[in-house]
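[1] Dropping a prediction and its sequence here:
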Amino acid sequence: MSSATLELEPDVATFTDLIKDQLKPDVQRIDHEGYYPEGFMRNYGEAGAFYPVTEAGQFYQAIDNCSLVGETCGSTAFSIWCHNTCLWYLTNTENKSLKDKYHSRVAFGKKLGATGLSNPVKSFFGIEKMKLHGERTSNGYKVKGSLPWVSNLLENHVFGGIFDTKEGPVFALFDCSKPGVRLRPSGPFIALEGTATQAVSFLDAEIPDEMIIALDAKAFLAKVKAGFIMLQLGIGLGLMRGAISDMHRANKTLGHTNCYLPDSPDFFSDELLKLEDRTRELASDPVHSALDVGSFKKVLQLRLDAAETTRRTTYAGFLHQGSRGYLERGSGQRRVREGMFFDILSPSTKHLRQWIKSIEN
């Protein structure tokens with residue numbers, strides 16, 4: 001990789017133009033037809049929007065880039081989080097051959113990625129049982145089992161996930177194009193249909209040592225967990241921005257009655273700024289925010305507060321629009337549905353509360 005590439009600076013104007021020209025025209029197709037905007041995802045990556053995940057001191061920029069997308073389409077912002085999280089795993093792995101092969105390609109959208117940690121993270125809390133199991137072979141592992149849904153996933157994509165072994169859980173990068181890996185569309189859902197969400201089955205799939213992100217999955221997760229969670233904030237912050245914009249537009253014609261609603265767009269703008277400031281502080285060193293117990297508790301509380309505030313903001317946007325927000329193709333009800341997903345996205349709000357309680361105890 002050239003020094004010019006390493007010094008890449010984010011071009012917000014370019015990202016904004018990409019969103020306007022290549023994503024916004026497809027929002028209804030994404031929401032109603034389950035269209036997955038693969039071309040936009042790749043162009044967004046080529047423009048450098050994923051790259052800040054990899055750079056010390058630039059992590060907040062990756063969150064903000066995602067929020068620019070979430071302002072227009074929460075569904076696609078979720079797909080970007082999936083990809084960013086895969087890139088975060090590759091940024092932190094000590095497997096040099098794996099990093100050399102995939103890191104740059106994923107960083108610039110040449111190879112799209114995803115994350116499949118919902119089940120293993122829940123299993124570590126006793127919420128579910130591990131669904132993937134591996135047996136040691138001469139040059140890797142043979143993995144079997146299935147995950148009910150992994151998003152941002154097509155047959156030419158990769159994703160980070162964890163399988164259990166007799167020696168303990170192992171973190172790996174799975175290539176969906178390899179033998180023994182089968183994808184089947186999940187859903188249908190009330191939102192997020194355009195995220196290429198798949199059920200993934202492993203039929204004694206061979207996972208070579210070259211694809212192992214970390215042999216000690218729990219230790220690796222302890223390092224990356226804050227980044228994993230904070231990258232999700234781009235979804236919520238973007239949904240809030242979009243809903244606030246909806247409120248301002250609605251007030252141009254309905255301001256004389258919207259003034260009787262309990263909270264104004266200015267109120268939610270203030271709430272948004274507070275969340276952005278807290279995110280910026282914790283994202284300045286995401287590894288420290290993971291390993292320091294006090295900082296990680298702040299990350300969990302931030303994610304919980306963001307979910308609660310996003311829900312209130314998107315519903316307020318819907319109320320400000322009135323009957324227009326209830327139209328099938330209206331942004332009001334769409335943002336409400338996308339905001340509901342932010343509540344249950346792993347770690348869900350109930351899991352976040354459990355996690356916070358476990359730290360306090």
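    In hand now; what should we look at?
[2] So in this protein, where's the weakest helix or strand by average pLDDT?
    Every helix and strand in the chain was compared by mean pLDDT, DSSP states H and E; the lowest is helix 3-6, with a mean of 38.
[3] Check which element follows that helix along the chain.
    Using DSSP states H and E, the next helix or strand after helix 3-6 towards the C-terminus is helix 12-18.
[4] How far does the longest helix along the chain sit from its chain's centre?
    Across the chain, the helix with the greatest residue count (assigned by DSSP state H) is helix 293-321. Relative to its chain's centre, helix 293-321 lies at 15 Å (CA atoms, centre = their mean, to the nearest Å).
[5] Likewise for stretch 229-246?
    12 Å.
[6] tell me which residues in that stretch are buried?
    Within stretch 229-246, the residues that count as buried by 16 or more other CB atoms under 10 Å are 229-244, 246. No exception for glycine: its C-beta is placed from N, CA and C like everyone else's.
[7] swap in stretch 316-332?
    316-321, 324-325, 330-332.
[8] do stretch 27-34 as well
    Residues of stretch 27-34 classed as buried by neighbour count (16+ other CB under 10 Å): 27, 30-31, 34.
[9] where along this protein do the strands fall?
    Here the chain has its strands, by DSSP state E, at 113-116, 132-137, 140-150, 158-163, 170-175, 181-185, 198-208, 212-214.
[10] neighbours of the residue nearest to Val27 when sequence neighbours are not counted, just the number please.
    Closest residue to Val27 apart from its sequence neighbours, by CB to CB, 6 or more residues apart in numbering: Cys73 at 5.1 Å. By other CB atoms under 10 Å, the residues close to Cys73 number 29.
[11] Contact partners for Cys73?
    Shown in contact with Cys73 (CB atoms under 8 Å, 6 or more residues apart in numbering): 23-24, 27, 30-31.
[12] Now with 10 Å, please.
    Taking CB atoms under 10 Å, 6 or more residues apart in numbering, we find Cys73 in contact with 19, 23-24, 26-28, 30-31, 37, 40, 79-80, 194, 238-239, 242, 331, 334-335, 338.
[13] do the same with Pro185
    Per CB under 10 Å, 6+ apart, neighbours of Pro185: 34, 149, 153, 193, 196-199.
[14] pLDDT check: weakest of those?
    Among these, Trp149 has the lowest pLDDT, at 90.
[15] Phe159 versus that one, what's the distance?
    Applying CB to CB, to the nearest Å, the value for Trp149 to Phe159 is 12 Å.
[16] Compare these two (neighbour count), which wins?
    A direct count of neighbours by other CB under 10 Å for Trp149 and Phe159 places Phe159 higher, at 28 against 18.
[17] pretty sure that one is touching Tyr102, no?
    No. Assessed by CB atoms under 10 Å, Phe159 is found out of contact with Tyr102, at 11.4 Å.
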